[in-house]
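*Asks:* pasting the structure only:
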C-alpha cells in the first residue's frame, strides 16, 4: 500500500479529484473555486482536469450558491459547493433551514438533496472578523442535515468522500487552524470512506473519557501526551467526526467504562455539543458517572479580534484543569 | 470618456384578449377548439376548487391556504406552454399549473388537511413541491436549469413567484446566476398587485417588474396576466428561447389577487372596493368565456355540464382525502423521512413519541381544532383564535 504524506488541504483536494473522477455527476461550485483553486487551494487544479463546467466560479452570491446546489441536487447532480468562510453561510441560511433539510420529509422521499456544503471554520489563524467563528451547532439544530467536521488529513479525505456519496445533505466544516499544520500518511491507492454518523476512538483507554472534535482533537492529544508518558494516564479520547446525527453508542459505551467525562470544543458554551452530550448521558448513563462532567469551551461572547483569541480558544492548561477536576472528584 | 448614454434593452408588452372578449387576430396563437376548451376547463376548475376549498376552510374541514381567484389565466396560460420535460418550480399560488400538470383533487385536499402523504407522486414528474418562504425557489430554478444545461436536454426550468418576491435577494441572485451562466430558465412573476397588505408601489420604484431583467442581461417581457392568450404566447416564446440555449426570460404577468392572501387574511383592512371593482371587470375567466361563446365553442348547456363535472370531481376528491384522514394513517411517519437511515437516537425518540401518543387519536384532534375567524394575515389557526 502506497501512502503520501499530506496536509488536510491536500487530502481534501485529493478526495475531490477522486470523487469527480469516480462520478461524472459531481461538480464543485463557489466563489474563486475554479481558476484560483479556492482561497485555501482546496479546489486547486480541479479546473485543469475537469474543466470550467465542473469546477465553476460563480457570482458572489451565497444564497444562490447554496440554493442552486439544492436545485442541482434535486435535479440529479451531486454538487459540492464551497462557501469561502463559514461566517458567510448566513446569506444562504434560509436555503439550509427551509429547503435542504426538509425536501426529503415534505416530498415523502420523492426528492432527496445529495449535496455537500463545504466551509472552512474555527479560529486560531489571526484572521479578520467573521473568519473565526465555530457556528456548527446552529446546523446541528436543523434535523435533516448531516454536520461533519474532520480532525486531520486522513479522516478529512475519508469523510469528504462519504459526504459526497451520501444521499443526505452534508454540511462539511473544515477547521482552518489545522488545514496545513498537520501532515498524515494517506493510503492514496485505497478508497478509504469513513461512515457518517460514527465517532472514532482516537485513543482507547479506561481511566476517563475526553470527547472532542475538529481542531480541538490535536490540542487535546498534545495536552495529554506528557501525562500519558510520564504518569501512566490512560484516557479514552473520542473524536466525534459527525456532530449531527451524533453517535450515542460510542459515547455511552465509553462513559459506562470510565465514568468520568470531559468535553472539549471551541464553539460557545451555551448550546454547544457538550450540552447535548451531557443531556444524553443524563438520559442513558447517569448512574455510570463517577464525577460531574466538565466541559472546556469557547465563551458565550462574540469571537474577539485576534490579539485576544488565545483567551477564547481552549488550550492545554484549561483542558488539564478540567481533567484534574474530574479525576479528583 | 465623453458624456453619453447607455442604451438598455427595451421591454416588450403583450395583450391579445381584451376584457370584452375581443381578440387581436394577428397575435392570436393557433390553438384548436379542443385546446381552447381544455384551457377554459382548467381555469374554471381552479376557480371552483378555490371557492369550494374556501367553504371547507370556513367550516374547519381544511387548513389555511392561499386562493388563486383572479389569477387563472396567468397560471393556466403559462402551464399550457410547459412540456412534460420542463420543470415546474412553484411558490404557493399556482393551483392552475398544478391541476394542468396532473395534481388530483384528492392530493390537493390531503395537502390542505395537513398531510405530506400525497407528495409521493412528485418523483419523475419534474414538479417541485410548494415553496412557502418567498423567492427562495428562484435559486432552485437556477440549479435545475443548470442541470438541464449540463445534460444538454431540450427543457427549461420555470419558476413562479409573486410581485413581493422581486424585493428579495434570492430573486436577484438567481436572475444574476441565470444571466451570467446563460441558463435555460423562465422566471414567471404573477404580479397580483399585493403582497399581503403591501401594494406594488411600496414594493418597488421601478416602472415595471419586467425591466429588472435588463440589469441581469436577461430578457424581460410584460404581459396582460388576465389574458390567457398573451400569457401563453409569452411563456411559449420564453420556453423556446430557454430550450434552444438562448437564455433566461423574466415574464411579468399583470394580474390581481381578487381574493384573500390566505384564508387568514382580510383585505378590507388595506384595499378599496373601487380597486376590486376595477379588476372585477378585467376578470380572466369571464373574458375568456365571452370569447369562447362568441366563437360558438361554448354555450350555456356545455358550460353547465362542465360545472357539474367539476363540482363532482371536487366533491369526490374531498371525500377521498377525508377517507384517507379517517383511515388511521401513521401519526409518526414523518420520522421516517429525516435521513436516508434513521439514526438510533431518532428511533428512540420515535418510540418514545409512540408510547406517549398511543391511543390519543391525535391526527383527528389537529384537524378538528380549526377555529373560524379572520385577522392574522399570513398564518393559521393559532393567531386567528387569538385575534
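*Replies:* Nice, thanks for sending it over. These figures come from a predicted structure and were not determined experimentally.
*Asks:* for stretch A:297-313, the distance to its chain's centre please.
*Replies:* Distance of stretch A:297-313 from its chain centroid, counting by C-alpha atoms, centre = their mean, to the nearest Å, is 19 Å.
*Asks:* what average pLDDT does it get?
*Replies:* Per-residue pLDDT over stretch A:297-313 has a mean of 96.
*Asks:* what's the answer for stretch B:195-212, then?
*Replies:* Mean predicted confidence for stretch B:195-212 is 97.
*Asks:* for stretch A:154-171, same thing?
*Replies:* In this model, stretch A:154-171 carries a mean pLDDT of 98.
*Asks:* how about that stretch: buried residues?
*Replies:* A:154-166, A:168-171 (16 or more other C-beta atoms under 10 Å in any protein chain shown). Quick note: C-beta positions are derived from backbone N, CA and C, even for glycine.
*Asks:* those also near chain B: which ones?
*Replies:* The residues of those that also fall near chain B, by C-beta under 8 Å from any C-beta of the partner chain, are A:166, A:168.
*Asks:* quick one: which of the buried residues of stretch A:154-171 sit in helices?
*Replies:* Filtering those for membership in helices, criterion DSSP state H, returns A:154, A:155, A:156, A:157, A:158, A:159, A:160, A:161, A:162, A:163, A:164, A:165.
*Asks:* now the two most distant members of those.
*Replies:* Pairwise distances across those (C-beta to C-beta) peak at 17.5 Å, for the pair A:154 and A:165.
*Asks:* for the stretch 1-150 of chain A, which segments count as strands?
*Replies:* For the stretch 1-150 of chain A, the strands defined by DSSP state E, counting those that start in this stretch occupy A:4-6, A:26-30, A:55-57, A:78-82, A:116-121, A:146-148.
*Asks:* closest to residue B:182 among the ones in helices among the buried residues of stretch A:154-171?
*Replies:* Using C-beta to C-beta, these come closest to residue B:182 at residue A:164, 26.8 Å.
*Asks:* that closest one contacts residue A:116, correct?
*Replies:* Yes. At 5.7 Å, residue A:164 and residue A:116 qualify as touching, with contact defined as C-beta atoms under 8 Å.
*Asks:* I'd like the ones in helices among the buried residues of stretch A:154-171 as JSON lines, with distance to residue A:96 appended.
*Replies:* Below are these laid out as JSON lines (distance: C-beta to C-beta, whole Å):
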{"residue": "A:154", "distance to residue A:96": "28"}
{"residue": "A:155", "distance to residue A:96": "24"}
{"residue": "A:156", "distance to residue A:96": "21"}
{"residue": "A:157", "distance to residue A:96": "24"}
{"residue": "A:158", "distance to residue A:96": "24"}
{"residue": "A:159", "distance to residue A:96": "19"}
{"residue": "A:160", "distance to residue A:96": "18"}
{"residue": "A:161", "distance to residue A:96": "22"}
{"residue": "A:162", "distance to residue A:96": "19"}
{"residue": "A:163", "distance to residue A:96": "15"}
{"residue": "A:164", "distance to residue A:96": "18"}
{"residue": "A:165", "distance to residue A:96": "20"}
